[in-house]
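*Asks:* no sequence for this one, just the structure:
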């Protein structure tokens, strides 16, 4: 009996080495894409004006301070940890934490979806799609990566083998992500919609997606969906009690839908709108038809990707309804974060649409999807790395924060923060 045990340990050790190596490759790639986030660390936007400013002068983390109508637990924890050291080191700690969190999110997403999508395609779609760069290297925007992990664990069926420790660790991680930004509420809507469709399919004795849909509720991971529900309900309560300043719909529904999906989404996904609106709609319909009715492809894979697409569509469309002038959205550099989920998941959908279940078709789909991702990348090289931030000498400015008074410090992108330092209380 020692031989099987030895082989099992060897395989486990090899698997762990592979996972660590995969994570380190992603971490290095992200650090490169973040440009000068580590070499010349500077604050970006809300990293300074919200998380640093709110935490400064407080001994405890400001976990229950909402921003834009939601809690942001993970950035608040990073800000709290950084407050233990001098303010001059804060941008480096924030940026490094953001890069590590995003690398973990990508690695965990690839691992969770490996039974349905090639990890190579998933990782490449994260790292090679063109972006404005604003989501890289900032804890403010780390949530745009973390949502992938939360969705992957909630949309994919529960894994058969999982230790109690791993299950509770997963639950804590999902809860922290669900309490960071709006995404848990959006994901809960998608999960609830799929669950309702699954319940209806079961009642009608239907078996779409090879019976996967009717088993959707029974196959959920309670350690993922449970924390999602808790986090989403908390975020809804916060939104109701602390609504953001502007959240009214100002765009007509149908014109906004047409503009979003036939013009704006292609620009942010491919760098240009090179097809007619009708052609884009036909292309979407073809991919969706393949995901809905291709019986040769695993039903779990199709349902997972459709869930991601539904979440991405909501994330793209909802913000456009609240923007009075959509003209700036016709540039890849404007508000690109709203389209990151869509531009990543679109390649997953394409890979599945090209796959008919055979080993040869999987290879062909992988080669074709890889070639197309790289084609888009090489034609948008200016959008593959975050632009360098202006060196505003944060370390020098922050040296005054140990002196009583009101201090105004410039931060990127042309913003500033005002910090009030109280005089020490006499003994």
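*Replies:* Sure, I can see it. Small disclaimer: the values here were computed from a predicted structure and weren't measured.

*Asks:* Every contact and neighbour count from this point should use C-alpha atoms.
*Replies:* Fine.

*Asks:* got the contact list for stretch 327-340?
*Replies:* 131-132, 134-135, 144, 263-265, 267-269, 271, 312, 315-316, 319 (Cα atoms under 8 Å, 6 or more residues apart in numbering).

*Asks:* In contact with residue 130, which residues are there?
*Replies:* Going by Cα under 8 Å, 6+ apart, residue 130 touches 268, 269, 270, 271, 376, 377, 380, 381, 383, 384.

*Asks:* Okay, and which of the residues you listed map to helices?
*Replies:* In this view, these that belong to helices under DSSP state H are 268, 269, 270, 376, 377.

*Asks:* okay, these in CSV with pLDDT next?
*Replies:* Formatted as CSV, those follow (pLDDT from 0 to 100):
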residue, pLDDT
268, 96
269, 96
270, 96
376, 97
377, 97
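
*Asks:* Highest neighbour count among those?
*Replies:* If you count neighbours using other Cα atoms under 10 Å, the busiest of these is residue 268, which has 28 neighbours.

*Asks:* Does that one touch residue 343 like I think?
*Replies:* Yes. Residue 268 is within contact range of residue 343, at 7.3 Å (criterion: Cα atoms under 8 Å).

*Asks:* what about residue 95, which helix or strand?
*Replies:* helix 90-112 (DSSP states H and E).

*Asks:* Check which helices and strands that helix is in contact with.
*Replies:* In terms of contacts (3 or more Cα pairs under 8 Å, 6 or more residues apart in numbering; DSSP states H and E), helix 90-112 is packed against helix 2-33, helix 73-82, helix 119-128, helix 143-155.

*Asks:* For the second one, enumerate the helices and strands it packs against.
*Replies:* This points to helix 73-82. Using 3+ Cα pairs under 8 Å, 6+ apart: helix 73-82 touches helix 53-55, helix 90-112, helix 164-178.

*Asks:* Next, the angle helix 90-112 makes with that helix.
*Replies:* Orientation check (axes from the mean of the first three to the mean of the last three Cα atoms, to 10 degrees): helix 73-82 against helix 90-112 gives 140 degrees.

*Asks:* where's helix 73-82 relative to the chain centroid, distance-wise?
*Replies:* 18 Å (Cα atoms, centre = their mean, to the nearest Å).

*Asks:* what do you get for the last one?
*Replies:* Put simply, helix 143-155 sits 6 Å off its chain's centre (Cα atoms, centre = their mean).

*Asks:* Return the set of buried residues in that helix.
*Replies:* Judged by neighbour count (16 or more other Cα atoms under 10 Å), helix 143-155 contains these buried residues: 143-155.

*Asks:* what's in contact with that helix?
*Replies:* With Cα under 8 Å, 6+ apart, helix 143-155 has contacts from 101-102, 105-106, 108-109, 112-113, 135, 174, 177-178, 180-181, 183-184, 187, 191, 220-221, 224-225, 228, 304, 307-308, 337, 340-341.

*Asks:* What of stretch 272-286?
*Replies:* With Cα under 8 Å, 6+ apart as the criterion, stretch 272-286 contacts 258, 261, 262, 263, 264, 266, 267.

*Asks:* And that stretch, what's buried?
*Replies:* In stretch 272-286, counting by 16+ other Cα under 10 Å, buried: 272, 273, 277, 280, 284.

*Asks:* same check, this time on stretch 71-89
*Replies:* 71-83, 87-89.

*Asks:* Same question for stretch 193-212.
*Replies:* By neighbour count with 16+ other Cα under 10 Å, stretch 193-212 contains the buried residues 194, 195, 196, 198, 199, 201, 202, 208, 209, 210, 211, 212.

*Asks:* Do I have it right that the second one meets residue 216?
*Replies:* Yes. The pair residue 195 and residue 216 qualifies as a contact (Cα under 8 Å) at a distance of 6.2 Å.

*Asks:* Helix or strand with the lowest mean pLDDT in this protein?
*Replies:* Ranking every helix and strand in the chain by mean pLDDT, DSSP states H and E puts helix 2-33 at the bottom, with a mean of 79.

*Asks:* C-terminal to that one, what's the next element?
*Replies:* helix 46.

*Asks:* Need the contact partners of that next one.
*Replies:* residue 140.

*Asks:* tell me the mean pLDDT over that helix?
*Replies:* For helix 46, the mean per-residue pLDDT is 95.

*Asks:* ok, now stretch 277-297?
*Replies:* Rounded mean pLDDT across stretch 277-297 is 94.

*Asks:* Kindly give a single ChimeraX line that selects the buried subset of the contacts of stretch 327-340.
*Replies:* To isolate the buried members of the contacts of stretch 327-340 in ChimeraX, using 16+ other Cα under 10 Å:
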select :131,132,134,135,144,263,264,265,267,268,269,271,312,315,316
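
*Asks:* just the contacts of stretch 327-340 now: which is nearest residue 299?
*Replies:* Set against residue 299, the nearest of the contacts of stretch 327-340 by Cα to Cα is residue 312 (19.8 Å).

*Asks:* Would you check which pair of the buried residues of stretch 71-89 lies furthest apart?
*Replies:* So, the buried residues of stretch 71-89 by Cα to Cα: farthest apart are 71 and 88, at 25.8 Å.

*Asks:* Can you verify my assumption that residue 224 contacts residue 171?
*Replies:* Yes. In this structure, residue 224 is within contact of residue 171 by Cα under 8 Å, at 5.6 Å.

*Asks:* What separation do you get for residue 261 and residue 345?
*Replies:* 14 Å (Cα to Cα, to the nearest Å).

*Asks:* And for residue 360?
*Replies:* Using Cα to Cα, residue 360 is found at 23 Å from residue 345.

*Asks:* And those two? Which one has more around it.
*Replies:* residue 345 (21 against 11).

*Asks:* quick one: secondary structure of the more buried one?
*Replies:* Secondary structure assignment for residue 345 (DSSP: H, G, I helix; E, B strand; the rest coil): helix.

*Asks:* where does it land on pLDDT?
*Replies:* Reported pLDDT for residue 345: 98.
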